[in-house]
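Asks: return atomic coordinates for the entry below.
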Amino acid sequence: MPIALAPLNTEMRVVKILVDEKTKKHLESLGVLVNSLITVISSVNGGVVVIVKEGRLALDRSVASKILVA
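Replies: Sure, this is the predicted structure:
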């Protein structure tokens, strides 16, 4: 499921990232990798705020819809 639809405050595993290479490398530098753990703490209009490792990251709707979690 896209991360924008993930339940709040539940740790999920990233299974696929469907963005262009430039965006993928940027997300990887921020800690968003396939098989990494991510927790959604806020979701508004498709945009999300997530906890990745020890930091918080805001993702807009277009990117959040392309990060798949399970």
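
Asks: now the strands: where do they sit in this structure?
Replies: Counting by DSSP state E, one finds strands in the chain at the ranges 11-17, 37-44, 47-52, 55-59, 67-69.

Asks: between the first one and strand 47-52, how many degrees?
Replies: Between the axis of strand 11-17 and that of strand 47-52 there is an angle of 110 degrees, by axes from the mean of the first three to the mean of the last three CA atoms, to 10 degrees.

Asks: may I have the strands that pair with strand 11-17, each with its orientation?
Replies: strand 37-44 (antiparallel), strand 67-69 (antiparallel) (DSSP bridges).

Asks: kindly export that strand (C-alpha atoms) in PDB.
Replies: C-alpha atoms of strand 11-17 as PDB (Å, rounded to 0.1, in the frame of the first residue of the first chain):
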ATOM      1  CA  GLU A  11       6.000   0.800  12.000                       C
ATOM      2  CA  MET A  12       6.000  -0.400   8.400                       C
ATOM      3  CA  ARG A  13       8.700  -1.800   6.100                       C
ATOM      4  CA  VAL A  14       9.300  -0.100   2.700                       C
ATOM      5  CA  VAL A  15       8.900  -2.700   0.000                       C
ATOM      6  CA  LYS A  16       9.200  -0.600  -3.200                       C
ATOM      7  CA  ILE A  17      10.000   3.000  -4.200                       C
END
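
Asks: for the nearest residue to Leu8 once chain neighbours are set aside, the count of nearby residues, please.
Replies: Spatial nearest neighbour of Leu8, chain neighbours left out: Val40 (5.5 Å); criterion: CB to CB, 6 or more residues apart in numbering. Bear in mind the C-beta positions are built from the backbone N, C-alpha and C, glycine included. A total of 22 residues lie near Val40 under the criterion other CB atoms under 10 Å.

Asks: OK, contacts around Val40?
Replies: Shown in contact with Val40 (CB atoms under 8 Å, 6 or more residues apart in numbering): 3, 6-10, 12, 48-50.
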